[in-house]
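>>> Structure for the following, please:
(2 chains)
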Amino acid sequence: KAGVTQTPRYLIKTRGQQVTLSCSPISGHRSVSWYQQTPGQGLQFLFEYFSETQRNKGNFPGRFSGRQFSNSRSEMNVSTLELGDSALYLCASSLAATAQETQYFGPGTRLLVL
Amino acid sequence: AQSVAQPEDQVNVAEGNPLTVKCTYSVSGNPYLFWYVQYPNRGLQFLLKYITGDNLVKGSYGFEAEFNKSQTSFHLKKPSALVSDSALYFCAVRERNNFNKFYFGSGTKLNVKP
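Numbers count the residues shown, from 1 in each chain, chains lettered A, B, ... in the order given. As a prediction, this is how the structure comes out:
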């Protein structure tokens, strides 16, 4: 079975631009979560989608948004980019959204904001 | 506040020697416990998890972890380290009744020297 895939793998943008990141979960997985990883803050939860509904959101400004499609693929959008948005953005999928489920992570999209 | 602590930023061990990467947590209600590994420029890779039962959990690549309820610890171990085990290791803890309350440690860099 193919793992979680994320595109693009690397991205360079300038301040003020917007960016869309894509995540394809493992086949059959319906829950997709997004995380931001930075050296200073570590791994921080952004939001989680299940069956096209956002079920929870982390403590990030409204510039960060996402959506999930009927095939469980998910996109994350960041508008009005700031230098501090430079990070590795990780997507994780799981079969269901129960606490004991294992989340499987994609390779990430490394975003650099100049 | 709920938290996960990995007290060592870095662990150095010689190849062939046993290794331990420490994790303690302060999360209420008998949480579920996970270990992930991250290689450079890659996403997080699942190693093992504790749900219930035997306190010694066996996982991928010869890793195991020991759950200690009284000490609220979940240390990762391997009897004989390999150079290829060198990577960043994350402990993660999820509240038993809340999929989205998933707390990550700050990570421990494991260096295995030949």
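>>> what about B:F67, which helix or strand?
strand B:64-68 (DSSP states H and E).
>>> hey, C-alpha coordinates of the helix or strand following that strand in PDB?
Going down the chain from strand B:64-68, the next helix or strand is strand B:73-78, by DSSP H and E. Listed next in PDB are the C-alpha coordinates belonging to strand B:73-78 (Å, rounded to 0.1, in the frame of the first residue of the first chain):
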ATOM      1  CA  SER B  73       7.400   7.000  31.600                       C
ATOM      2  CA  PHE B  74       7.600   5.300  28.300                       C
ATOM      3  CA  HIS B  75      11.300   4.900  27.500                       C
ATOM      4  CA  LEU B  76      12.400   3.600  24.100                       C
ATOM      5  CA  LYS B  77      15.100   0.900  24.100                       C
ATOM      6  CA  LYS B  78      17.100  -1.300  21.700                       C
END
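>>> sorry, back to before: show the average pLDDT along the strand holding B:F67.
Averaged over strand B:64-68, pLDDT sits at 97.
>>> who touches the spatially most central residue of chain A in this structure?
Taking Cα atoms, centre = their mean as the criterion, A:W34 is the residue nearest the geometric centre of chain A, at 3.1 Å. By Cβ atoms under 8 Å, 6 or more residues apart in numbering or on different chains, A:W34 lies in contact with A:C23, A:F45, A:L46, A:F47, A:E48, A:G66, A:S74, A:M76, A:Y89, A:L90, A:C91, A:A92. Quick note: C-beta positions are derived from backbone N, CA and C, even for glycine.
>>> if we go to 10 Å?
A:W34 is in contact with A:6, A:21, A:23, A:44-49, A:57-58, A:60, A:64, A:66, A:74-76, A:89-92, counting by Cβ atoms under 10 Å, 6 or more residues apart in numbering or on different chains.
>>> Please apply the same query to B:N98.
By Cβ under 10 Å, 6+ apart, the contact list for B:N98 reads A:N56, A:A99, B:G29, B:P31.
>>> Do I have it right that the first one meets B:N100?
In other words, A:N56. Yes: at 3.9 Å, A:N56 counts as touching B:N100 under the criterion of Cβ atoms under 10 Å.
>>> okay, and the common contacts of those two?
A:S33, A:F45, A:F47, A:E48, A:A97.
>>> Pull the most distant pair out of those.
A:F45 and A:A97 (13.1 Å; Cβ to Cβ).
>>> Quickly list what's touching both of the two.
With Cβ under 10 Å, 6+ apart, A:F45 and A:A97 have common neighbours A:S33, A:N56, B:N100.
>>> among those, who's most crowded?
Using other Cβ atoms under 10 Å in any protein chain shown as the neighbour criterion, A:S33 leads the shared contacts of A:F45 and A:A97 with 28 neighbours.
>>> so what's it up against?
A:23, A:25, A:45-50, A:55-56, A:58, A:66, A:74, A:90-94, A:97, A:103, A:105, B:99-100, B:102 are the contacts of A:S33 under Cβ under 10 Å, 6+ apart.
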